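Engineer: Dropping a prediction and its sequence here:
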Amino acid sequence: MKIHLIETDRDLRAALSQQLMNRGVIVEEVAQDAERVAARAHCDGDLVVVGHHTAASELAALASAIWPTPLAALLPVFDTSHIVGAVKAGAVDVFDRSAASDVVAEWIVQCCSTQQTTAANHSLAGTFFSNTCSEMQTMQHTIERIAITDSTVLIAGETGTGKELAARQIHRMGARAEQPMVTVNCAAIPDTLIESELFGYEKGAFTGATSNRIGLIEAADRGTLFLDEIGELPLAAQARLLRFIQEGEIRRIGSVTSRKVDVRLICATHRDLARLAAINEFRRDLFYRIDVLRLDIPPLRGRGHHVIEMANWFIEKQAQKLGLPAKSLSNDSMQAMLRHRWPGNVRELQNVIERALVMSTGATLQVTLSSSQQASQHDEPGIDRPLPASLNEDSVEELSLEDYFQRFVLEHQDAMNETELAHKLGISRKCLWERRQRFGLPRRKHKTA
């Protein structure tokens with residue numbers, strides 16, 4: 001257990017340090033330079049305790065800078081208003097600095113222990129991070145730098161790499177963490193409803209508009225708006241979105257007045273927006289507006305043994321979720337996973353592990369990659385990949401439901417629109433989109449004459 005103690009009172013600092021060291025705690029004392037703590041605490045500290053110091057007047061900024069290391073405060077005046085203010089600024093706990101040093105030290109130890117337990121539970125249910133993977137370390141450092149700003153972010157990466165998780169981490173680490181984060185899946189909303197969903201509408205604006213309704217952008221006021229799959233946004237909606245980004249205001253459908261909104265925008269896509277802009281399938285001016293801070297999420301393939309490290313993390317997580325014993329991967333399974341190209345990336349790996357936990361009966365975990373996954377190993381499942389040719393008609397009886405879905409979409413998407421495809425498959429458009437994402441089958445854009 002290691003504590004960073006920010007305190008200018010020499011006597012109190014010395015007394016607390018001695019009491020904490022008597023309890024086996026490593027203490028790093030900080031008398032003046034709080035920036036040193038911000039730079040180091042998230043790397044080697046378990047808790048930062050702030051007492052009398054200039055940093056105490058800017059607790060929110062310090063809490064954001066040292067995240068995810070928790071921060072606790074020693075208050076000079078222990079009343080309700082000061083306690084509420086410190087908690088709102090990001091302190092996980094507060095205590096009266098005028099108490100005896102042994103009492104304060106015991107509180108610090110208990111606070112740190114509680115936070116360590118919480119962090120351990122969160123790690124099991126949260127997101128995977130590897131200290132040995134250079135790609136993940138680089139990405140994490142980029143996220144931390146992006147989070148302290150309020151600039152627009154464009155997250156690019158293949159399907160299943162965790163773009164939404166990165167967006168949520170940026171929001172959680174930023175100054176708007178206490179405000180709402182509104183997520184919009186641009187590909188899952190029918191084209192005719194996108195503008196009303198984003199901007200809202202006034203009563204009587206169109207048939208069925210029986211009352212006023214705020215849009216999702218307005219709902220994110222003072223918080224964060226996450227536009228997932230922004231490459232699927234229709235051109236008409238792109239034009240209105242551009243005005244919102246430029247002017248910071250929106251106008252509901254049917255309204256004659258505009259409303260100011262304060263929203264941080266995070267966008268994500270698995271498509272090459274620069275290429276789409278070059279062929280006029282995405283507005284160039286909008287692309288330049290959202291491509292301010294770029295976060296590229298690396299694909300799972302090519303990470304070597306880090307795939308096994310992530311798989312082991314998923315085994316622990318999914319085993320607890322399913323109430324099953326966690327098993328180690330068999331050697332054959334590990335070799336197969338290292339050879340696999342993971343077209344579905346992290347989402348595919350998670351599903352593979354869950355299936356193996358349920359189906360494996362031996363002492364070790366046997367991972368089976370389905371025929372559709374194996375067949376896609378030689379593809380490059382990235383942005384707008386070429387689609388394969390028609391499958392052999394003779395093999396239709398041997399196809400699984402997943403194989404049949406992929407085959408049907410590939411063979412008929414040029415002749416049918418998304419609504420017709422969904423109807424023929426007996427599913428909703430949203431379900432069709434989700435399965436496209438799962439199998440890495442991007443929707444083709446049909447050009448009009």
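Structural biologist: Everything's here; your move.
Engineer: Wait, residue 210 touches residue 203, no?
Structural biologist: Yes - in this structure, residue 210 is within contact of residue 203 by C-beta atoms under 8 Å, at 6.5 Å. C-beta here means a position set from N, CA and C on the backbone, and glycine is covered the same way.
Engineer: and the gap between the residue nearest the centre of the chain and residue 225?
Structural biologist: Compute the mean C-alpha point of the chain, and by C-alpha atoms, centre = their mean the closest residue is residue 165, 1.4 Å away. To residue 225, residue 165 is 17 Å away according to C-beta to C-beta, to the nearest Å.
Engineer: okay but residue 231 is in contact with residue 274, surely?
Structural biologist: No - using C-beta under 8 Å, residue 231 is not in contact with residue 274, being 10.8 Å away.
Engineer: Give me the neighbour count for residue 57.
Structural biologist: 10 (other C-beta atoms under 10 Å).
Engineer: quick check, it in a strand?
Structural biologist: No - counting by DSSP: H, G, I helix; E, B strand; the rest coil, residue 57 is not found in a strand; it is helix.
Engineer: how about it, what does it touch?
Structural biologist: Listed by C-beta atoms under 8 Å, 6 or more residues apart in numbering, the contact set of residue 57 is empty.
Engineer: re earlier: neighbour-wise, which of residue 231 and residue 274 wins?
Structural biologist: residue 231 (25 against 13).
Engineer: Spatially, and excluding backbone neighbours, which residue is closest to that one.
Structural biologist: residue 271 (3.8 Å; C-beta to C-beta, 6 or more residues apart in numbering).
Engineer: Next, give phi and psi for the closest residue to residue 59 other than its chain neighbours.
Structural biologist: Excluding the flanking residues, the one nearest residue 59 by C-beta to C-beta, 6+ apart is residue 89, at 3.7 Å. Dihedral angles of residue 89 (phi, psi; degrees, to the nearest 10) stand at phi -80, psi -10.
Engineer: what do you get for residue 100?
Structural biologist: Dihedral angles (degrees, to the nearest 10) for residue 100: phi -60, psi 150.
Engineer: residues near it, how many?
Structural biologist: 10.
Engineer: quick revisit: from residue 86, how far out is the residue nearest to the centre of the chain?
Structural biologist: From residue 165 to residue 86 the distance is 29 Å (C-beta to C-beta).
Engineer: and if you look at residue 367?
Structural biologist: Distance from residue 367 to residue 86, by C-beta to C-beta: 48 Å.
Engineer: now swap in residue 100 and tell me
Structural biologist: Residue 100 is 21 Å from residue 86, by C-beta to C-beta.
Engineer: To what extent is the residue nearest to residue 220 when sequence neighbours are not counted buried, counted in neighbours?
Structural biologist: Spatially, and ignoring its direct neighbours in sequence, residue 220 is nearest to residue 182 (3.9 Å; C-beta to C-beta, 6+ apart). The local packing of residue 182 (other C-beta under 10 Å) involves 18 other residues.
Engineer: Repeat that for the one 3 residues further on.
Structural biologist: Around residue 185 there are 17 other residues, counting by other C-beta under 10 Å.
Engineer: Which residues are in contact with it?
Structural biologist: 228-229, 433 are the contacts of residue 185 under C-beta under 8 Å, 6+ apart.
Engineer: Stretch 169-187: end-to-end distance?
Structural biologist: Distance between the boundary residues of stretch 169-187 (C-alpha to C-alpha, to the nearest Å) amounts to 22 Å.
Engineer: Can you point out the buried residues in it?
Structural biologist: 169-171, 173-174, 176-177, 179, 181-187 (16 or more other C-beta atoms under 10 Å).
Engineer: Give me the distance from it to the chain's centre.
Structural biologist: 9 Å (C-alpha atoms, centre = their mean, to the nearest Å).
Engineer: quick one: residue 181 and residue 329, what's the gap?
Structural biologist: Residue 181 is 35 Å from residue 329, by C-beta to C-beta.
Engineer: I meant to write residue 245 there.
Structural biologist: From residue 245 to residue 329 the distance is 46 Å (C-beta to C-beta).
Engineer: Between these two, point out the one with more neighbours.
Structural biologist: residue 329 (21 against 15).
Engineer: ok, the nearest residue to that one once chain neighbours are set aside - contacts?
Structural biologist: Counting by C-beta to C-beta, 6+ apart, residue 329 lies nearest to residue 365, which is 5.0 Å off, once chain neighbours are set aside. Residue 365 makes contact with 315, 327-330, 333, 353, 356-357 under the criterion C-beta under 8 Å, 6+ apart.
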